[in-house]
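Enquirer: Okay, structure incoming, though there's no sequence with it:
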């Protein structure tokens, strides 16, 4: 402002100063209010981020737990596969069991016949003993062939 303007109306200058002071005070108060609003807004955002980080940590723990359970299930499946293979081999052995049981019964009957022929041979004459010896020989061959 020029010297003429300030010198001609000193009250206006005083009023202008008071008005500028009030405006500066209002701007300062608005700045403080805005800073408080920004502070609480940032605080709320930080709290939300903190809860999200805790949620992510909980999710990571849940994923780790699931991975452990999957590994346990994988080992159980491998054990079950092994047991199924063992069971399959046992069934294969059982399928041949009737034939083997028949062979055992027949071999037992052949042994019994050989023993009876041996007992009969004690009371027979020489020609019959030779024939009985041939029968015993044949019985032993049949038994060994089973």
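Expert: All right, it came through fine. The model shown is predicted, which means the values in this text are computed figures rather than measured ones. Numbering: from 1, shown residues only.

Enquirer: Please work out how many residues are found near residue 18.
Expert: Applying other Cβ atoms under 10 Å, we find 10 residues neighbouring residue 18. Using the backbone N, CA and C atoms, a C-beta is placed for each residue, glycine as well.

Enquirer: Could you do residue 80 as well?
Expert: By other Cβ under 10 Å, the residues close to residue 80 number 10.

Enquirer: where exactly do the helices run in this protein?
Expert: Assigned by DSSP state H, the helices in the chain fall at 3-8, 10-95, 97-121, 126-145.

Enquirer: can you redo those as TSV with mean pLDDT?
Expert: Putting the helices of the chain into TSV (pLDDT from 0 to 100) gives the following:
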stretch	mean pLDDT
helix 3-8	50
helix 10-95	88
helix 97-121	80
helix 126-145	80
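
Enquirer: burial measure for residue 106, as a count.
Expert: For residue 106, the count of nearby residues is 13 (other Cβ under 10 Å).

Enquirer: meant to ask about residue 102, not that
Expert: 11.

Enquirer: Could you check how far it is from residue 46?
Expert: According to Cβ to Cβ, to the nearest Å, residue 102 and residue 46 sit 85 Å apart.

Enquirer: cool, and residue 40?
Expert: Look at residue 40 and residue 46: by Cβ to Cβ, they are 11 Å apart.

Enquirer: just residue 33 next, same as before
Expert: Residue 33 sits 20 Å away from residue 46, going by Cβ to Cβ.

Enquirer: Could you do residue 113 as well?
Expert: Distance, residue 113 to residue 46, by Cβ to Cβ: 100 Å.
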